[in-house]
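Chemist: Here is my input, please return the structure:
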Amino acid sequence: MCTDTTIFFTHIPKTSGTSFKETLLTPNIPEVSIFRYRDKRQWMNDIGSYKIVTGHFKYGLHNFFRINPRYITFLRDPLDRAISHYYFIKDCDRSKYLHPLRDIADALSLEEFYSKNVRLQNLQTHYIAGYFASEMHYRFPWLFSSKMLLECACANLRRYYIAYGLQERFDDSIKYFMSILDWKKRNYVEPKKSTSNRPAVSDLESHVKESLKRTHRLDIKFYQYACENFPI
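Modeler: Residues are numbered from 1 along each chain as shown. Below is the predicted model of the structure:
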């Protein structure tokens, strides 16, 4: 499948999105054709002229611009992603970049970072479920349940994402994207380890691991669904 409509790359934090862009996006798409989205104040009337829109946004961004999109994304083992995200925030050099969550991460343990911040839980499910479903669940969980949020994420991945990758199968994912998008060139870039001194999932104390499983239970189910339906 090849598409000439605008492609929206849902870059979920710490899912090899940067490695994907360096490996495949940059060699195939000119810089002038890439729109790097930052926030909803960044309105662009001619966004449809770009081939790629990339950034940390949830499914549904195209509705703000009223254009026909195609979505792609990368996913990652939820517990591994959660650990990587926390330590990435703590490892940022304050003299170069102060992450907006840095003070919170410094004040809390890995377990507390997620247990005390509901909007950091199940990030992959919320991103793929989209803006509307995500906010409905945050604001009215008794009306829009966790089950509904998970079902929405699975349905969106199945219906609206023309391709997705799995970090744990990075090379297979790159080949799959190339076939779907008809991209011919690639750089040989492996997923980067941008966090130092972070523990592996297997290194965690049992109570910490169990806590992360609770705060990412939807992501665990969603990732299982993605793995089971990965086409190669």
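
Chemist: Give me the neighbour count for T5.
Modeler: Using other C-beta atoms under 10 Å, the number of residues around T5 comes to 13. Yep, even glycine has a C-beta here, placed from its N, CA and C like the rest.

Chemist: wait, it sits on Y71?
Modeler: No: the criterion here is C-beta atoms under 8 Å, and T5 misses it with Y71 at 10.5 Å.

Chemist: Show me which parts of the worst-scoring helix or strand of the chain on mean pLDDT are buried, residue by residue.
Modeler: Considering only helices and strands, the least confidently modelled element of the chain by mean pLDDT, DSSP states H and E is helix 62-65, at a mean of 81. Using 16 or more other C-beta atoms under 10 Å as the test for burial, helix 62-65 gives H62, F65.

Chemist: what does the strand or helix carrying F170 contact?
Modeler: Element membership for F170 (DSSP states H and E) is helix 170-181. By C-beta atoms under 8 Å, 6 or more residues apart in numbering, the surrounding residues in contact with helix 170-181 are 1-3, 7, 16, 19-20, 23-24, 28, 72, 74, 162-167, 183-184, 186, 190-191, 231-232.

Chemist: Just those: which are in strands?
Modeler: I7, I72, F74, I162, A163, Y164, G165, L166 (DSSP state E).

Chemist: before we move on, the earlier item: residues that sit against both of T5 and Y71, list them.
Modeler: Counting by C-beta under 8 Å, 6+ apart, nothing touches both T5 and Y71.

Chemist: Point out where this structure drops to low pLDDT.
Modeler: Along the chain, segments meeting pLDDT under 70 span 1-4, 39-46, 48, 94-95, 192-196.

Chemist: the helices in it, which residues?
Modeler: 17-20, 26-28, 62-65, 78-91, 102-107, 110-115, 123-129, 131-139, 146-160, 170-181, 206-215, 217-229 (DSSP state H).

Chemist: and among these, the most buried is which?
Modeler: Burial of these is given as mean neighbour count (mean count of other C-beta atoms under 10 Å); helix 123-129 ranks first at a mean of 27.

Chemist: who touches that helix?
Modeler: Here helix 123-129 has contacts from 10, 12-13, 15, 57-59, 73, 75-76, 78, 81, 85, 134, 137, 149-150, 152-153, 156-157, 161, 218-219, 222-223, using C-beta under 8 Å, 6+ apart.
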